[in-house]
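S.K.: Need a 3D model of the sequence below.
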Amino acid sequence: FMPLLDRDKITAGLPKTWEGFLRDWDRSLRAGNYPETTRYNYLLAAAQLARYLNQHATPDLKAEDAAEDPTEVTRAHIEAFQGWMIETRSASTALNKHKGLQQFFKWLMLDEEEIDRSPMERVRQPKTVKKLIPVIRDDDTRKVLAACKGKAFLQLRDEAIIRLYYNTGARLSEVGNLTLEDIDLTTDSVHYHGKGSRDRRVRFGPKTA
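M.R.: Purely as a prediction, here's the structure:
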């Protein structure tokens, strides 16, 4: 899934200073040729921090200035937001936000020279539990392929897609974004456009071909 970036929607309702910085940051990311999904995740992380400081921060956190201006954000604000993300979402989501905020405050410090030090400097990354992804059994794969059996275009297309996943272990978006030019039936290979603009070519089997 490739979210269509709508910056105005992401920043809707934010204080003017936050909105202005995020608009400028998005322009900088576009100039750096960052993929749309990366820009979306980065901007969303910063916007969520701004909303947290406005709506959920406890009185003892003293977040009034930071809620209006990202240059006033401190380590304590980031850690409170990160803890809230872990409690309300998950550690993996909090880690995703952590990485986005690292880039935002790095940009504020190095590119814009609006802050002398990043509030992320001594904030620890959330620890996440690494889960093994279950591998689909051959019997289950055969059942899925059996559901696609037929000579109609849609059935043949669906079987080709399932076999391509099965052969290459590609991401959902990699197969979903394929074009005809990405398939080479001379070498039985596919050109995937991977996450973070990392391209690769992968071979597939004769049945898939």
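S.K.: C-alpha from now on. contacts and neighbour counts both.
M.R.: Fine.
S.K.: Now do the strands in this protein.
M.R.: With DSSP state E as the criterion, the chain has strands at 183-184, 189-193, 199-203.
S.K.: So which of those is nearest residue 53?
M.R.: strand 189-193 (37.3 Å; Cα to Cα).
S.K.: Could you tell me which strands that closest one is paired with, and in which direction each runs?
M.R.: According to DSSP bridges, strand 189-193 has the following sheet partners: strand 183-184 (antiparallel), strand 199-203 (antiparallel).
S.K.: Which one, of those, ends up nearest to residue 46?
M.R.: Per Cα to Cα, nearest to residue 46 of the strands paired with strand 189-193: strand 199-203, 28.5 Å.
S.K.: returning to that earlier point: mean neighbour count, the strands paired with strand 189-193: which tops it?
M.R.: Among those, judged by mean count of other Cα atoms under 10 Å, the one packed with the most neighbours on average is strand 183-184 (a mean of 16).
S.K.: burial of residue 181, as a residue count?
M.R.: Residue 181 is flanked by 8 other residues according to other Cα atoms under 10 Å.
S.K.: hmm, I was thinking of residue 140
M.R.: So residue 140, with other Cα under 10 Å, has 10 neighbours.
S.K.: thinking again about what came up before, and residue 168, which of the strands paired with strand 189-193 is closest to it?
M.R.: strand 199-203 (6.7 Å).
S.K.: What are the structural domain limits within this protein?
M.R.: 7-111, 138-203 (automatic domain parsing).
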